[in-house]
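S.K.: Need a 3D model of the sequence below.
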Amino acid sequence: MATTDRQATTLALAHALSAAERGLAVIPLSLTKLPALRSPHRDDDSLATPCHGECGAFGHGVYDASTDPVRIRELFAAAPWATGYGIACGLPPHHLIGVDLDTKSGTDSSAALRELALRHLFTIPDTVVVLTPSGGRHLWLTGPPDAAVPNSAGRLAPGIDIRGAGGYLVGPGSRTDHGTYTTAPGTAHLAPAACPPALLRLLLPPPRPTHPATHPSAGDQGQGLVQFVLAAHEGQRNTRLFWAALPRLRERHRPGAGRTLGWT
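M.R.: So this is what the prediction gives:
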């Protein structure tokens, strides 16, 4: 291993241990930002269910994450090529949520987040911000212990990825193929701030219905048709009026309806 790589591994371990002191569970990462240790089951097709570390071996990705300095040193000793570290999201005590504002898609993800904040009436509090080599930003937020925020890419808005339960963030001080992750000036001393409730509602999956679905009333159907017509773009309104009127036209035209087809 080159001297530069040894230095990168030493620095990554030091940063990982520092993060662990703050209650953040970590794993070693390679230059590609992927977990540095390969799965011990990669060639085993006999597993009925995925192993999340129950076998006791390293190589289970985010499930290897730990705040124990002894275990962290063992993880890095098993991956001497590691040049960075990942911080597991969704674990106590912080239940970390990562808001990844990407720049590679060509969209203005920061503007998209501001638009969401205005529309849903929330503000992003002062929190840890990590700058990525590509010019993006990772915002660190915390969630409640009973809310498992799922990972997503672009679901919230174009260019905004979310790292939640089962995901990880590249920690500041990590070196990758594209450069080094750093903490934004003035945020290194901050603790991850609580996720605003309005934003948290957007991040969580919609609740499953607890009661059998009911058929909409005639009034509800009428309101839906009105909204359907009003939402028409220029040049679509006549077409939508026709489709909205079809059920009523069929009712009047059926045998025995007692009326002639016509508009009222």
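
S.K.: Double-check that residue 153 belongs to a helix.
M.R.: No - counting by DSSP: H, G, I helix; E, B strand; the rest coil, residue 153 is not part of a helix but strand.

S.K.: Beta-bridge partners for it, please?
M.R.: In this entry, residue 153 is beta-bridged to residue 161, by DSSP bridges.

S.K.: Report how many residues lie close to it.
M.R.: 13 (other Cβ atoms under 10 Å). Where you see a C-beta, it was placed from the backbone N, CA and C, and this is true even at glycine.

S.K.: quick one: it and residue 194, what's the gap?
M.R.: 24 Å (Cβ to Cβ, to the nearest Å).

S.K.: One more: residue 39?
M.R.: 34 Å.

S.K.: before we move on, what about residue 138?
M.R.: From residue 138 to residue 194 the distance is 17 Å (Cβ to Cβ).

S.K.: Which one's more surrounded, these two?
M.R.: Neighbours were counted for residue 138 and for residue 194 using other Cβ under 10 Å; residue 138 has more, 24 against 15.

S.K.: tell me the mean pLDDT over the helix or strand hosting the more buried one?
M.R.: In this assignment (DSSP states H and E), residue 138 forms part of strand 137-142. Across strand 137-142, the average pLDDT comes to 98.

S.K.: cool, and stretch 114-122?
M.R.: Per-residue scores along stretch 114-122 average to 97.

S.K.: who's in contact with that stretch?
M.R.: 123, 124, 156, 157, 196, 197, 198, 199, 202 (Cβ atoms under 8 Å, 6 or more residues apart in numbering).

S.K.: for those residues, which one is nearest residue 7?
M.R.: residue 124 (35.0 Å; Cβ to Cβ).

S.K.: residue contacts, that closest one?
M.R.: Applying Cβ under 8 Å, 6+ apart, the residues contacting residue 124 are 113, 117, 139, 196, 199.

S.K.: Mind doing that once more with 10 Å?
M.R.: 99, 113, 114, 116, 117, 139, 141, 193, 195, 196, 199 (Cβ atoms under 10 Å, 6 or more residues apart in numbering).

S.K.: now do the same end-to-end measure for stretch 127-137.
M.R.: 12 Å (Cα to Cα, to the nearest Å).

S.K.: Distance from the chain centre to that stretch, please.
M.R.: Relative to the chain's own centre, stretch 127-137 is displaced by 16 Å; criterion: Cα atoms, centre = their mean, to the nearest Å.

S.K.: What count of nearby residues applies to residue 118?
M.R.: For residue 118, using other Cβ under 10 Å, the count is 10.

S.K.: That one belongs to a helix, doesn't it?
M.R.: Yes - checked against three-state DSSP, residue 118 lies within a helix.

S.K.: now it: how far from residue 204?
M.R.: 21 Å.

S.K.: repeat for residue 22
M.R.: Distance from residue 22 to residue 204, by Cβ to Cβ: 25 Å.

S.K.: quick one, strands of the stretch 101-250 of the chain?
M.R.: 129-131, 137-142, 152-157, 160-163, 168-170, 175-176, 179-180, 182-183, 193-194 (DSSP state E, counting those that start in this stretch).

S.K.: need these in TSV with distance to residue 68, can you?
M.R.: Formatted as TSV, the strands of the stretch 101-250 of the chain follow (distance: least, Cβ to Cβ, whole Å):
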stretch	distance to residue 68
strand 129-131	23
strand 137-142	21
strand 152-157	30
strand 160-163	22
strand 168-170	17
strand 175-176	24
strand 179-180	26
strand 182-183	24
strand 193-194	26
